[in-house]
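Trainee: have a look at this prediction, sequence included:
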Amino acid sequence: MTIPVSILWNQDQLTILNQQKLPHVIEYIHLDTIEAVFDAIISLKVRGAPAIGITAAYGLAIGASQFSAEKLEDFQQELHEQYIYLAGSRPTAVNLFWALERLMKKAETAKTVEEAKAILLAEAIAIHKEDEEHCRKIGEYALSVLGDYRNVMTICNAGSIATAKYGTALAPFHLGAEIGKEFHVYACETRPVFQGSRLTVWELQQSGVEVTLITDGMAAHTIQAKGVQAIIAGADRIAANGDSANKIGTLGLAILAKAFKIPFYIAAPSSTFDLNLADGTQIPIEERDEKEITHIGESRIAPEGTLVYNPAFDVTPNEYITGIITEKGIIYPDYQKNIHNTLGEQIGEEVSQ
Ligand SMILES: CSC[C@@H](O)[C@@H](O)C(=O)COP(=O)(O)O
């Protein structure tokens, strides 16, 4: 049993698991240009907030390595243009902007073009490595709060393949499998793109975790009928007051958790916090192609001319969140105060869009 990984940097080459094709085809593809990285992000070949950030960082470094500029000033100008280009790939996951800005800041310190290229790549590798360490810590903290619980619900895929390794919401299940702690995970299929059925179920099966698939509309009944003891979800962006954006359907689960008096946890690394935003109303919500709802694969399931609203994310207000599990510890209400105390002021200065 192995925990799958979706991003590899080997011999100066970026390779990703093509998540579009899972679970039927396990295909790893090389991304050799910044355009290929942009396409992989917008088309969900790579997805999940931390994985998007890591891939974008490599994308900027790969792009910069191919610039022909000889003068540092020209190089920095081209770098800025490519940074804006990649930052336009997806709007909600703040890890994208966080990672790109981290590279841009580092590049400013370079004295030569060659040095800038080396700095960019080193920073992308550092972000990749740190994310794995952070996710492992999140998993350890999550295991401590889940305690003796066995039946836990999740949504979307906030797993190993959405990060460098281990995942955020799925990290405790992978680590649990390693130490013999048995969970039974109820995975919401997560319409419209089915990250739950296609990715979470596949990923948990790979590491030997017991997982049952349900449709999103079955969540309330399943909590009641199967004795779900906790819900854990990832996040794409967390505001300074703890309001958390995650895949569409997460807010519904949080409300259910309150109604059924079970804990609802968000698991996310510090790179997912955007302390520049006072609350969740300011988080941009991506709206995606209506075909994701009117079709399953290439088959149309709604009449021609159907009006469609397809927001990919929703925002869970902080009052529904029992705790936010980060690599720096578990943050409990009062979120406004405790997020600031746990993450420190520097994060607020670094993250912006
Ligand atoms: C650890 S990833 C957390 C979230 O990014 C994840 O749950 C999610 O919403 C992913 O959305 P996606 O649209 O598939 O990129």
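Mentor: Nice, I can see it. Numbering: from 1, shown residues only.
Trainee: thought Thr316 was touching Tyr265?
Mentor: No - the pair Thr316 and Tyr265 does not pass the contact test of CB atoms under 8 Å, sitting 10.9 Å apart. Glycine gets a C-beta too; all of them are placed from N, C-alpha and C.
Trainee: do a quick rundown of the helices in the stretch 51-200 of the chain.
Mentor: Listed in chain order, the helices found in the stretch 51-200 of the chain under DSSP state H, counting those that start in this stretch are 72-87, 94-107, 113-146, 171-179, 195.
Trainee: repeat for the stretch 201-350 of the chain
Mentor: 201-206, 219-226, 250-260, 291-294, 335-343, 345-350.
Trainee: for whichever residue of the stretch 101-250 of the chain sits closest to the ligand, give its distance to Lys105.
Mentor: Proximity of the stretch 101-250 of the chain to the ligand (CB to the nearest ligand atom) peaks at Gly234, 2.8 Å away. Distance of Gly234 to Lys105, given as CB to CB, to the nearest Å: 26 Å.
Trainee: more neighbours: those two, which one.
Mentor: Ranked by neighbour count (other CB atoms under 10 Å), Gly234 and Lys105 place Gly234 first, with 31 against 11.
Trainee: so that one sits against Asn246, correct?
Mentor: Yes - using CB under 8 Å, Gly234 is in contact with Asn246, at 5.8 Å.
Trainee: tell me, what's touching those two both at once?
Mentor: Taking CB atoms under 8 Å, 6 or more residues apart in numbering as the criterion, Gly234 and Asn246 both touch Cys156, Ala158, Ile266.
Trainee: near the ligand, which residues of the stretch 1-150 of the chain show up?
Mentor: Arg47, Gly48, Ala49, Pro50, Ala93 (CB under 6 Å from any ligand atom).
Trainee: can you mark which positions in stretch 76-91 are buried?
Mentor: For stretch 76-91, the neighbour count (16 or more other CB atoms under 10 Å) marks Gln76, Leu79, Gln82, Tyr83, Leu86, Ala87, Ser89, Arg90, Pro91 as buried.
Trainee: related to what we said a few turns ago, now, of the shared contacts of Gly234 and Asn246, which are buried?
Mentor: Buried, going by 16+ other CB under 10 Å: Cys156, Ala158, Ile266, out of these.
Trainee: list the contacts of the closest residue to the second one other than its chain neighbours.
Mentor: Just to be clear, that refers to Ala158. Setting aside the residues directly before and after it, Ala158 is nearest to Gly234 in space (CB to CB, 6 or more residues apart in numbering), at 2.5 Å. Contacts for Gly234 were tallied using CB under 8 Å, 6+ apart; they are 48-49, 156, 158, 162, 167-169, 246-247, 266-268.
Trainee: can you give me the pLDDT of Gly234?
Mentor: pLDDT for Gly234: 98.
Trainee: number of nearby residues for Glu327?
Mentor: With other CB under 10 Å as criterion, Glu327 counts 21.
Trainee: next one: phi and psi at it?
Mentor: Backbone geometry at Glu327, expressed as degrees, to the nearest 10, gives phi -70, psi -10.
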